[in-house]
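> okay, here's the prediction I keep looking at, along with the sequence it came from:
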Amino acid sequence: MSEFYTSVRLDESLCKGCINCIKRCPTEAIRVRNGKARITKEFCIDCGECIRICKHHAKYSTYDTLRSREKYEYTVALPAPSLYGQVNNIEDVNLVLHALIRMGFDAVFEVGCAAEYVSRLTREYLEAHREKWPLISTACPSITRLIRVRFPNLIEHLLPIKAPVDLAAQIARKEAIKKTGLAPDRIGIFFLSPCPAKVTAAKNPLGYEGGDVDAVLAMKDIYPELIKNMKEAAKTPNLEDLTTAGKIGIGWGGSGGEAGGLLTDSYLAADGIENVIRVLEDMEDQKFKDLSFIELNACNGGCVGGVLTVENPYVAKVKLSSLRKYLPVARNHSISYEVNPYWTQNVEYEPVFTLGSNLLESMDRMAKVEELMKKFPGLDCGCCGAPTCLALAEDIVRGIAEEKDCIHILRAYVDQLSNQMESDKERGEEHDSW
Amino acid sequence: MTGKIHLNYVIPGDDFTRAGEASGEVKKKLKQMGVSPEAVRKVAISMYEGEINMVIHANGGTIDVDISTTDITIVLKDNGPGIKDVALAMQAGYSTAPDKVRALGFGAGMGLPNMKKYSDNLIIDTKLGYGTTVTIVVKIG
């Protein structure tokens, strides 16, 4: 697996080469080249904003299908808490879990259950590591990826605890082995994901090697099957209670839920990638005092706002609130699972945005960028295929674009040529009349 | 290759919504040049403090940033009222910021102390009634 992997892809046949995605991308990872929107995978953080904005549905996320279960003898579904916010009129999560069993999974393990375990571990970690305050949540993979490439000074603040989905996968596999006696690779762990970032994290996790999630399904993809099977499940009397998550676990599905589980008010929770970047910039300038925890979610509303969900995130959040209402605060906080919940590797700064290969070259290129900016019109029109004039200037010094990619410079050049031809012609005609 | 970069910013006075734009831009450029994260941190914090000070006390001013392969020199120049007692102003917690500024969360009296802490050299040249020039030097490497 390469160090930089992205789940976001382009269907070239649908791409019109418009400027919507290049403008929306928060890390300026997309350029239109030869009429198609190409992603620089080193810059991409899998936030899915380009998928959201593309009117032509040319950007999409890779994910697995239900059919990939055929490879395994025993399968476990891991529903993210945000899944419960996608369905209507349920008073009980149990119906969703039974629907998943009806869809052919052998078992279910709620990610919300592992989330409560993470909440407890985080509370303990915060107490033990005051020198690292404020700690930054690492549950949203887009945020960890963003910090890795853009905020080197904040890496030391990353919470080195695995995300709930990864712990859920580890625990679920252990339980499945115990129950069935099967070899670990005969068991398939399937995560039901709200976003492409989780697809990437399953394939290429940061902070530890070889995650336990075998396949990632998109919520929107399984949605019709889920609804159908929930209706069937509802007809069955006396369903066994499969639920394991409490108020805290289910709360993780929306922004503020993770921080809420820390039982402290010295936290900040921000959602939406642009807001997140502002918070990180301010944090880097040390503008926050006395905060212990920063929860950041790339999507508006938190995981319920993921690009692979179907429901309006704010409606989904209301549904989660009503589901949580009568649940115990937590149901898994005191359980100790026999898995290592902590990161085993450091996340290293990846300076992918540097202009050159060393300081001197980068400075030289920066000086050229400044010169180029004097020539460009500053319209940020995107016609060159880069999101801004500055991005084009940076591409030029990196050697992947040229000045005449700017249509305004090109037009001036063409005008100059035509004037030249005109005057040559006039001079020629004068010669003729001599 | 010259190994030198010069940047210049004009800071408008009394506009807190724009305070931090210049230091934010410099921070981005330093990262793009591959300057060490530690030096970026120092510049980000000390230059932002200086920028805010100009907005609070001096009705804006100009900032010149010179980057070489060995250090970053930031010169913040204003035509404000000047600093009456530099030694006092250097004390943590001492502030002359008006109430309306404190209401915005600024004026904690940490501006100059933080600039000192997050620079390798800090020179304050001030004259009452004429203005202040603050020079911050951060070493690279």
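Noted; the coordinates are in hand.
> per-domain residue ranges of chain A.
Following automatic domain parsing, chain A resolves into domains at A:8-61, A:66-324, A:359-433.
> need those domains in TSV with distance to chain B and mean pLDDT, can you?
Backbone N, C-alpha and C define where each C-beta goes, glycine included. Putting the domains of chain A into TSV (distance: least, CB to the nearest CB, whole Å; pLDDT from 0 to 100) gives the following:
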stretch	distance to chain B	mean pLDDT
domain A:8-61	11	96
domain A:66-324	4	95
domain A:359-433	4	92
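> which of those sits most buried?
Sort the domains of chain A by mean neighbour count, taking mean count of other CB atoms under 10 Å in any protein chain shown, and domain A:66-324 sits at the top with a mean of 21.
> just how off-centre is that domain within its chain?
12 Å (CA atoms, centre = their mean, to the nearest Å).
> one more: stretch B:77-96?
13 Å.
> what's the first-to-last distance across that stretch?
From its first residue to its last, stretch B:77-96 covers 19 Å (CA to CA, to the nearest Å).
> and if you look at stretch A:172-187?
10 Å.
> closest one to residue A:347 among the domains of chain A?
Shortest separation from residue A:347 across those is recorded for domain A:66-324, at 5.3 Å, computed as CB to CB.
> measure that closest one end to end?
End-to-end distance for domain A:66-324: 29 Å, by CA to CA.
> show me what contacts residue 40?
The chain I'm using is chain A. Contacts here follow CB atoms under 8 Å, 6 or more residues apart in numbering or on different chains; on that basis residue A:40 touches A:29, A:30, A:31.
> can you look at chain B instead?
Taking CB under 8 Å, 6+ apart as the criterion, residue B:40 is in contact with A:152, A:153, B:27, B:30, B:31.
> touching chain A at all, the helix or strand containing the last one?
Taking DSSP states H and E as the definition, residue B:31 sits inside helix B:21-32. Yes: counting by CB under 8 Å from any CB of the partner chain, chain A has neighbours in helix B:21-32: B:23, B:24, B:27, B:29, B:31, B:32.
> buried residues of that helix, list them for me.
Neighbour counts over helix B:21-32 (16 or more other CB atoms under 10 Å in any protein chain shown) mark B:22, B:23, B:24, B:26, B:27, B:28, B:29, B:30, B:31, B:32 as buried.
> what sits up against it?
Contacts of helix B:21-32 (CB under 8 Å, 6+ apart): A:150, A:152, A:281, A:284-285, A:351, A:353-355, A:362, A:366, A:394, B:5, B:7, B:9, B:11, B:39-40, B:43-44, B:47-48, B:50-51, B:63, B:65, B:67, B:72, B:74.
> so how far is it off the chain centroid?
For helix B:21-32, the distance to the chain centre is 13 Å (CA atoms, centre = their mean).
> and the residue nearest the centre of chain B, what element?
The residue lying closest to the centre of chain B (CA atoms, centre = their mean) is residue B:50, at 2.3 Å. In this structure, residue B:50 sits in helix B:37-57 according to DSSP H and E.
> show me what the helix or strand just after that helix is packed against.
Per DSSP H and E, the first helix or strand lying C-terminal to helix B:37-57 is strand B:60-68. If you count contacts as 3 or more CB pairs under 8 Å, 6 or more residues apart in numbering or on different chains; DSSP states H and E, strand B:60-68 packs onto strand B:4-12, helix B:21-32, helix B:37-57, strand B:71-78.
> isn't residue A:385 up against residue A:32?
Yes: the criterion here is CB atoms under 8 Å, and residue A:385 meets it with residue A:32 at 3.7 Å.
> give the residue spans of chain B that score low on pLDDT.
Segments of chain B classed as low confidence (criterion: pLDDT under 70) are B:1.
> what does it put close to chain A?
Contact residues (CB under 8 Å from any CB) of chain B with chain A: B:1-5, B:7, B:20, B:23-24, B:27, B:29, B:31-35, B:37-38, B:40-41, B:44-45, B:48, B:67, B:69, B:114, B:140.
> can you flag the buried ones in those residues?
The neighbour count (16+ other CB under 10 Å) marks B:5, B:7, B:20, B:23-24, B:27, B:29, B:31-35, B:37, B:40-41, B:44-45, B:48, B:67, B:69, B:114, B:140 as buried among the residues of chain B next to chain A.
> so residue A:43 is in which element?
With DSSP H and E as the test, residue A:43 turns up in no helix or strand.
> from residue A:149, how far off is it?
According to CB to CB, to the nearest Å, residue A:43 and residue A:149 sit 7 Å apart.
> common neighbours of the two, please.
Counting by CB under 8 Å, 6+ apart, the shared contacts of residue A:43 and residue A:149 are A:27, A:352, A:353.
> which SSE is the first one in?
What that stands for is residue A:27. Using DSSP H and E, no helix or strand contains residue A:27.
> roughly how far apart are the nearest residue to it once chain neighbours are set aside and residue A:98?
Nearest in space to residue A:27, with sequence neighbours left out and distances taken as CB to CB, 6 or more residues apart in numbering or on different chains, is residue A:43 at 4.8 Å. Separation of residue A:43 from residue A:98 (CB to CB): 43 Å.
> please apply the same query to residue A:269.
The gap separating residue A:269 from residue A:98 is 32 Å, by CB to CB.
> repeat that for residue B:68.
68 Å.
> what separation do you get for the nearest residue to the residue nearest to the centre of chain B once chain neighbours are set aside and residue A:348?
The shortest distance from residue B:50 to any non-neighbouring residue, by CB to CB, 6+ apart, is to residue B:76 (4.4 Å). For residue B:76, the distance to residue A:348 equals 34 Å [CB to CB].
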